[in-house]
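Novice: sequence below, structure please.
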Amino acid sequence: MQVTNIENQPLTVKKRAKNILVAPLPHGGSLCPVRDILGHFGDKWSIFTILSLGQVEKVRFNELKGMIEGISQRMLTVTLRSLEENGVVQRTWYPEIPPRVEYQLTPLGQSLLVKMVELWEWASNHMDDIEAARKLFHKKETTTEC
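Specialist: Residues are numbered from 1 along each chain as shown. Next up is the predicted model:
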């Protein structure tokens, strides 16, 4: 649990969540950059790409594409560029014939991988609860419609 510097008292998750949305950022900016960053890592293809890269040391494009079910070549290209731009993925190009390109997580990407694995484990552990809630929600929706 995190402790405040001033009060030396534990912050509850509720307070921490509120602080994220209302407190100024340490560099004096707004939440927009943080939302932008979360947007880059929060979509399903980024999550699947980071989780796939976390399974290997280095991987070539087509091998990575084969690891991510349903992703198109274009979407993987866009996702890798975004992750590279944000310092999460390192792209190494080898001037060979034919050219060889390998991708791997950076140390920053490895630290993000830890959080994504935790999120994945949470979702896996609560899958039955979520499915039950969805069924109840849809049941309520269909019974209230006239």
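
Novice: in stretch 54-66, which residues are buried?
Specialist: 54, 59, 61, 64-65 (16 or more other CB atoms under 10 Å). For the C-beta atoms, the positions are set from N, CA and C on the backbone; glycine is no exception.

Novice: what does that stretch contact?
Specialist: 49, 52-53, 67, 71, 73, 76, 80, 92, 100-105, 110, 113, 116-117 (CB atoms under 8 Å, 6 or more residues apart in numbering).

Novice: gap between it and the chain center?
Specialist: Its chain's C-alpha centre and that of stretch 54-66 lie 17 Å apart, by CA atoms, centre = their mean, to the nearest Å.

Novice: and for stretch 46-64?
Specialist: The mean C-alpha position of stretch 46-64 is separated from the chain mean by 13 Å, CA atoms, centre = their mean.

Novice: gap between the two ends of that stretch?
Specialist: 12 Å (CA to CA, to the nearest Å).

Novice: quick one, helices of this protein?
Specialist: Remark: helices assigned in the chain by DSSP state H are 13-22, 32-42, 44-53, 61-67, 73-85, 107-125, 127-144.

Novice: CA atoms of the first one as PDB?
Specialist: Taking only C-alpha atoms (Å, rounded to 0.1, in the frame of the first residue of the first chain), the coordinates of helix 13-22 have been written out as PDB:
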ATOM      1  CA  VAL A  13      -7.300   2.500  -3.500                       C
ATOM      2  CA  LYS A  14     -10.300   4.800  -3.700                       C
ATOM      3  CA  LYS A  15      -8.200   7.900  -2.800                       C
ATOM      4  CA  ARG A  16      -5.400   6.800  -5.200                       C
ATOM      5  CA  ALA A  17      -8.000   6.500  -8.100                       C
ATOM      6  CA  LYS A  18      -9.400   9.900  -7.200                       C
ATOM      7  CA  ASN A  19      -5.900  11.400  -7.100                       C
ATOM      8  CA  ILE A  20      -5.200  10.000 -10.600                       C
ATOM      9  CA  LEU A  21      -8.100  11.900 -12.000                       C
ATOM     10  CA  VAL A  22      -7.800  15.200 -10.100                       C
END
